[in-house]
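J.: no sequence on this one, just coordinates:
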């Protein structure tokens, strides 16, 4: 899509907390698969009634859930920009621009939005979501606030 020529009103890079709390379904499924694989490998090494098995299972869970956002952040490098007319999302260096006419909040107070007809999770702070919702309100009302 063409890059909008308007100035950026608000810009944010996803933080560890954003990536931990607001990850996409694909990321959640990947974490579940990684945990299951880790548990299967652990089950081959130690009996399940062993205390070491239980401690290592807990450690695998913490590692998968706790370290995954660092991996996502370093590989995806998510950046969100909001202009008067567009939401611009950059993932892994690839920038996608969505006109605000194609952006719709799915559930009040949540981070799920419909972008060009597809349900997406925005991994941004509540502050960014607040700016986006305000911009959507003014955009949809036809009020071009400057």
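T.: Alright, I've got the coordinates. Just so we're clear, the structure is a prediction, and the values are computed from it rather than from any experiment. Numbering: from 1, shown residues only.

J.: output the below-cut-off pLDDT ranges for this protein.
T.: Residue ranges of the chain with pLDDT under 70: 1-6, 108-109, 143-146.

J.: is the residue nearest in space to the middle of the chain in a helix, a strand, or coil?
T.: With distances taken as Cα atoms, centre = their mean, the residue of the chain nearest its centroid is residue 123 (2.9 Å). Classification of residue 123 by DSSP: H, G, I helix; E, B strand; the rest coil places it in coil.

J.: so how far is the helix or strand harbouring residue 138 from its chain's centroid?
T.: Secondary structure from DSSP states H and E places residue 138 in helix 126-141. Centre-to-centre, helix 126-141 and its host chain are 18 Å apart (Cα atoms, centre = their mean, to the nearest Å).

J.: so the residue nearest to the centre of the chain sits against residue 23, correct?
T.: Yes - with contact defined as Cβ atoms under 8 Å, residue 123 counts as touching residue 23 (6.4 Å). C-beta: built from backbone N, CA, C; applies to glycine.

J.: could I get the buried residue list for the lengthiest helix in the chain?
T.: Taking DSSP state H as the criterion, the chain has its longest helix at helix 51-76. Buried residues in helix 51-76, defined by neighbour count with 16 or more other Cβ atoms under 10 Å: 53, 56, 57, 60, 64, 65, 68, 69, 72, 73, 76.

J.: and if you look at stretch 19-32?
T.: For stretch 19-32, using 16+ other Cβ under 10 Å, the buried residues are 19, 20, 22, 23, 24, 27, 30, 31.

J.: which members of the residues you listed define the maximum pairwise distance?
T.: The most widely separated members of these are 22 and 30, with 15.2 Å between them, by Cβ to Cβ.

J.: correct me, but residue 92 touches residue 77?
T.: Yes - taking Cβ under 8 Å as the definition, residue 92 is a contact partner of residue 77 at 6.6 Å.

J.: these two - which one has more neighbours?
T.: Neighbour count, other Cβ atoms under 10 Å: between residue 92 and residue 77, residue 77 has more, with 13 against 8.

J.: list the contacts of the more buried one.
T.: Residues in contact with residue 77 (Cβ atoms under 8 Å, 6 or more residues apart in numbering) are 13, 90, 91, 92, 93.
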